[in-house]
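# Here's a sequence, model it:
(3 chains, ligands or ions: 4)
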Amino acid sequence: MINKSTQVEENTEGYREIEITVFRYNSQNKNDTPEYQTYKLIETPGMTLYIALIKIWSTMDHHLSFDFVCRAGICGSCSMVVNGKPRLACKTRTNEFEDGKITLLPLPTFKHIKDLSVDTGNWMNAMSKKVESWIHTKEKTDIAAIEKPIEPEDAQAVFDLDRCIECGICLASCSTKIMREDFVGAVGLNRTARFAIDPHDERTDAEFYELIGDDNGVFGCMSLMGCEDHCPKELPLQTKIAYMRRKMVKA
Amino acid sequence: MKIIYTDALIVGGGLAGLRSAIAARDKGLDTIVISMVPVKRSHSAAAQGGMQASLGNTIKGEGDNEDIHFADTVKGSDWGCDQDVARMFVTTAPKAIRELAAWGVPWNRIGKGPREVIINGQKETIVEKDEAHGLINARDFGGTKKWRTCYTSDATGHTMLYAVANEALKRDVEIHDKKEAISIIHESGICSGVIARDLISGELIAYVARGTMIATGGYGRIYKQSTNAIICKGIGIAIALETGIVQLGNMEAVQFHPTPIVPSGILLTEGCRGDGGVLRDKDGYRFMPDYEPEKKELASRDVVSRRMIEHIRKGKGVKSPYGDHLWLDISILGREHIEKNLHDVQDISKTFNGIDPADEGEKGWMPVLPMQHYSMGGIRVKPTGETPTLKGLFCSGEAACWDLHGFNRLGGNSVSEAVVAGMIVGEYFAEYCANTHLNTNTFTIEKFLEAQREYLQEILSYDGGRNIFDIKDRMRTIMQEKVGVFRNGKDLNDAVNELEDLLKMVKEITVTDKSLCNNPELNEAYRVTKMLKLALCVAKGALDRTESRGAHFREDYTKRDDINWLKRTIATWVNPNDTMPTLSYEALDISKMEMPPAFRGYGKKGAIVLNPLSKKREEEIVKIKETLGSVDRFTMQEALMDYDLPKDYKRKNERVGVGYD
Amino acid sequence: MSQKDNTVELLTGKNNFGKKSRIPAKLDFLQSVTGLFLALFITFHILFESSILFGKEAMYRLTKLFEGEPFIEGGEPLIITALAMVIFSMFIFHAFLAMRKFPASYKEYQRYRAHRELLNHQDTNLWFIQITTGFAMFFLGSIHLYMMMTSPEKIGPYASADRIFSDWMWPMYLLLLVSVVMHAWVGVYRLIIKWGWFDGKDPRKNRKRSKLIIKVLIAVYLFIGLVSLASYMKIGYDHQSDYGSRYVMEKIK
Ligand SMILES: Cc1cc2nc3c(=O)[nH]c(=O)nc-3n(C[C@H](O)[C@H](O)[C@H](O)COP(=O)(O)OP(=O)(O)OC[C@H]3O[C@@H](n4cnc5c(N)ncnc54)[C@H](O)[C@@H]3O)c2cc1C
Ligand code: HEM
Ligand code: SF4
Ligand code: FES
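Ligands and ions are numbered 1, 2, ... in the order given. Next comes the predicted model:
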């Protein structure tokens, strides 16, 4: 690891200066060596890591790679490790860090692309297929007829679990997943719970067992609770994994 | 040379693209969706408010049906929309939402009995019917007669997108993400796929298909300030423009939203003002009553946006490193109200700005500024979704000018459009793909691949020392300042000239990193070039349109002019070396309209130059109604303006209390 | 499962009805059952050991009670052997099950370690305690249990104290004590979240509460255990000269 020289921005406004250190590595280039690069910039009011990184990228270093899409904490693109904690960069304000020093690493467990950019899409799609993340029903819906009534609380309960944005933070916070690549993780287990409580889905416990009844599924979870403690959507991952585990032991 | 063959190719994995992919798969076609980002990260996920469909379940939506939704949509568009399309849309929307419900979207449901709601700052109790218990709920949204906007809390787009994406995965739609379409392959007026760039390896891939659909969303990011995701750069629209054949429609029709938060541009809902929040300037002064004594902060979106900009222009804006802004103050509503009813707003403000809007006084004021929000314009298509000039190229969603929205779209109509278009256009597209044989030779494919390879090399060889980021910044600032909420001949003229200069300047940049793979600077270089072309279409279209209609507001031509301007702006880029789009116009035929142009119901009444044909058509309609006598509304509608829908989408929709009437 | 069934699973990952094996569910469940059993056992075991704090007599009486003195004249140490054998088999079974969770290669270990250091997350660190103490107990627990099975008669105020002090067993007991206390309580905490036992209305708050209670229990048990150990050491120290002689109750003397 090499520490690259720092890049500095002129201070004009009397705001504080912060130091952002970024992991630099291009996995696509066989000859590249990993290094850390530090940028010093002026912290403007309301600055988030999104604003900071865009500033670095457009004014100091055009080669820096990272992924933002919605920059509003909705799409789950910008997960990275911020001072050791996996989080959504766009939802992280720089003034949270008192000493003004921030280290950014790409999200572990996913295929690294370059710098802060990793490939989450393919993993998440594969996971969705693996847990058959869609409604299973034999009923044929007539879409011109009045919809099937659902109790408001039931709809709300499904919604609460449907809020997952596939940001991958639960996986990056999970030592089990770090060790065992094939583990579906909290995101996958929460997804099965979401369908298990959906009144539209007719799957039985035994059918869910076929999807997650092994050590890559719910029995692989060692209850380390990294997921629960880092999920940016604050999903009830602990209770939902326990819920699926209880169901699967009996299935 | 990498060539991937498929039956149906869809560029863009938002709601529109994925729903179309499902239509194609259901016809047994091999279907590939390519997307710049993982599909579930598409911008559709950002829609908070909801989806319009005239279910009429809630008591506040009682009596709602296709006709009322149709009228709202046409009026909202300031008569700029295609009424056939609007009819197709309103008839299919209830089916779309019910299909989504069956696919698991956890729509908020009605609980029978009384509940408290806030209407225009006033608390009210409404009582839901017993038979509506458990059916899909709806909320109020600007510009609609009935409560018609169905929702899942503040994450409507997210839940819809996930349901549709999962259904696509279920059907084994092939998804190739981190692939960006950068050119369209076509020959003798037939489209046969796209050239895409692998954003990881930098490799160029030819995707070759019987039919191609563009569903790449809007182009909001040509503006400095926008609520859109940062990938909404309009690349898909631009590559269609670059064919020289495909037409773009109404590019100048750009919608602004009055209260996104500064600097991030995240929307703060209309509810803030609906519940009684006020706007303040740098002196803490509430200025809206001065401009709009009657409606104050509750005037329509475009009016509030305009007044805000007007006030900032008077030097009353608050200075900040991100430019001038104003304050939105909801602290006067009290902590309890905010924590209960505007929780999401509080959340956004706390997380992204570190401001708790419930804090009293200045401390709780949130910085806001009108920003670009929605692109009504896009690739001009027929009601089937096919481009009239390039066979086999379809388009749907925000990228298209299908023309549901005309010059102003109603909130909640766009996610709805994306899904409905995915059903309708998706079906026509699938039919086309099923009945067409792939008719292209590798020579053509190679030619297009080679052209892109050379183009990228050319960019890397530019050596004028300019910086693409400066050019981009300048473009976005020009759009913001001169082609924004307020428009006038002089500014627009300046904008067009400056943008043209910027486009020429692109050849004078230097890209410092010469690598073809994973080079964000190179990406920016070709994207900004494409964005500049779109920006020119917007600015030029706005300059030439000497009237005000919907979101397009000219200070020097404040009236809507149906005599001269009831027509769609069509932009093409005839020659690759052109530095200006070629504009032409497509007239709207009043004599075929179900609802001839009239007063919109909001804004100033005198501000319209009505076309005499309106009157004529109105009389005609009265006559038709008289001759038919008392027939049901479907027969009547058919007599006024018949329209087609694929599959069985034209079937009547059932509603609670009224059945299929 | 027959040989044929096994072959089908080998080839398809499913049994002959095309279904997934139920074994993983059983293993997971049994791991918890054995863990819980051992934890319950150890909570009482340590309490019984600490009877020494109430004097030699108390400890002696308790030992005799376990040897079945109320029914068998003079007590029967073989009962202890039998008891130890039951515990030992549970212990082996539990270790066998829990072993599945250990990092299986250097790569896994390296990834785990680097990640744990980066994340610095309490529950993840607790798991590290659990596997290290578990690993240590492979040996420590085995030694202890083996001795209990082979020389069950050597339990008593002096016999135990001599073993601890003069036979130099105290370092082993010290390590075993720390390991078993931490392992058992962290294990119980894990059981609570793993099965959602005390979720209540606010699972987040209750998890914090469970963790706090567990920490207190670890402290209490370590304290009791250490004081007892010290007390045996003291007795053993005083008893050096009489090494080997057994304790006889005052009354009987
Ligand atoms: C903040 C916000 C809130 C909104 N709220 C509402 C609301 O409440 N109700 C409502 O009705 N509407 C709302 N809208 C509008 C609505 O979300 C969009 O109009 C709609 O989702 C567009 O869907 P789409 O499928 O056309 O495009 P998108 O969802 O934008 O998808 C575009 C897709 O194209 C891909 N793509 C783009 N370019 C390329 C390329 N060159 N090559 C390959 N792939 C490419 C992208 O990766 C993406 O997958 C809101 C918009 C914003 C900005
Ligand atoms: C050789 C001895 C032992 C080894 C190797 C061992 C190992 C382990 C490991 C690695 C775990 C974690 C399993 C997981 O994360 O899912 C575990 C869990 C547990 N252990 Fe042990 N252990 C041993 C002895 C004991 C003893 C003596 C006790 C009780 C005093 C005990 C009680 C528990 C409990 C309660 C759990 C939680 C069970 C669960 O998670 O399902 N273990 N053990
Ligand atoms: S469960 Fe939470 S942490 Fe995991 S992917 Fe979903 S939102 Fe992210
Ligand atoms: S960019 Fe979408 S969550 Fe951060």
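
# can you list the weak-confidence ranges in chain C?
Across chain C, the ranges flagged by pLDDT under 70 are C:1-3, C:250-253.

# Check it for the residue nearest chain A and tell me.
In chain C, the residue that lies nearest chain A is residue C:196 (3.3 Å; CB to the nearest CB). (C-beta placed from N, C-alpha, C; glycine too.)

# what's that residue sitting at in phi/psi?
Main-chain torsions, residue C:196, degrees, to the nearest 10: phi 70, psi 50.

# Run a quick neighbour tally on it.
Counted with other CB atoms under 10 Å in any protein chain shown, residues neighbouring residue C:196 total 19.

# isn't it right next to residue A:237, touching?
No. Counting by CB atoms under 8 Å, residue C:196 does not reach residue A:237; the two are 11.5 Å apart.

# check contacts around the residue of chain C closest to chain A.
A:238-239, A:242-243, A:246, C:203 (CB atoms under 8 Å, 6 or more residues apart in numbering or on different chains).

# Please apply the same query to residue A:65.
Counting by CB under 8 Å, 6+ apart, residue A:65 has contacts A:113-117, B:518, B:520.

# Same list (the residues you listed) but as JSON lines, adding distance to residue B:85, secondary structure and neighbour count.
Below are these laid out as JSON lines (distance: CB to CB, whole Å; DSSP: H, G, I helix; E, B strand; the rest coil; neighbours: other CB atoms under 10 Å in any protein chain shown):
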{"residue": "A:113", "distance to residue B:85": "41", "secondary structure": "strand", "neighbour count": "21"}
{"residue": "A:114", "distance to residue B:85": "43", "secondary structure": "strand", "neighbour count": "23"}
{"residue": "A:115", "distance to residue B:85": "44", "secondary structure": "coil", "neighbour count": "25"}
{"residue": "A:116", "distance to residue B:85": "42", "secondary structure": "coil", "neighbour count": "26"}
{"residue": "A:117", "distance to residue B:85": "39", "secondary structure": "strand", "neighbour count": "25"}
{"residue": "B:518", "distance to residue B:85": "41", "secondary structure": "coil", "neighbour count": "23"}
{"residue": "B:520", "distance to residue B:85": "38", "secondary structure": "helix", "neighbour count": "20"}
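
# pLDDT at residue A:9, what is it?
pLDDT, residue A:9: 60.

# Take the contacts of residue C:196 and write them to JSON lines, including neighbour count and distance to ligand 3.
Shown next, in JSON lines, are the contacts of residue C:196 (neighbours: other CB atoms under 10 Å in any protein chain shown; distance: CB to the nearest ligand atom, whole Å):
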{"residue": "A:238", "neighbour count": "23", "distance to ligand 3": "11"}
{"residue": "A:239", "neighbour count": "17", "distance to ligand 3": "13"}
{"residue": "A:242", "neighbour count": "24", "distance to ligand 3": "15"}
{"residue": "A:243", "neighbour count": "21", "distance to ligand 3": "14"}
{"residue": "A:246", "neighbour count": "15", "distance to ligand 3": "19"}
{"residue": "C:203", "neighbour count": "18", "distance to ligand 3": "15"}
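
# Would you point out the most distant pair within those residues?
A:246 and C:203 (13.9 Å; CB to CB).

# Which positions in stretch B:381-401 come out as buried?
Across stretch B:381-401, burial judged by 16 or more other CB atoms under 10 Å in any protein chain shown covers B:381-387, B:390-401.

# can you map out the helices along chain A?
A:49-55, A:121-130, A:152-162, A:169-172, A:175-179, A:185-196, A:205-212, A:226-230, A:237-250 (DSSP state H).

# tell me the mean pLDDT over the second one?
The pLDDT scores in helix A:121-130 average 96.

# right, is that helix up against chain B?
Yes. Helix A:121-130 is in contact with chain B by CB under 8 Å from any CB of the partner chain, via A:121-122, A:124-125, A:128-129.

# could you redo those residues as JSON lines and give each row neighbour count?
What follows is the residues of helix A:121-130 next to chain B, written out as JSON lines (neighbours: other CB atoms under 10 Å in any protein chain shown):
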{"residue": "A:121", "neighbour count": "22"}
{"residue": "A:122", "neighbour count": "15"}
{"residue": "A:124", "neighbour count": "28"}
{"residue": "A:125", "neighbour count": "21"}
{"residue": "A:128", "neighbour count": "22"}
{"residue": "A:129", "neighbour count": "14"}
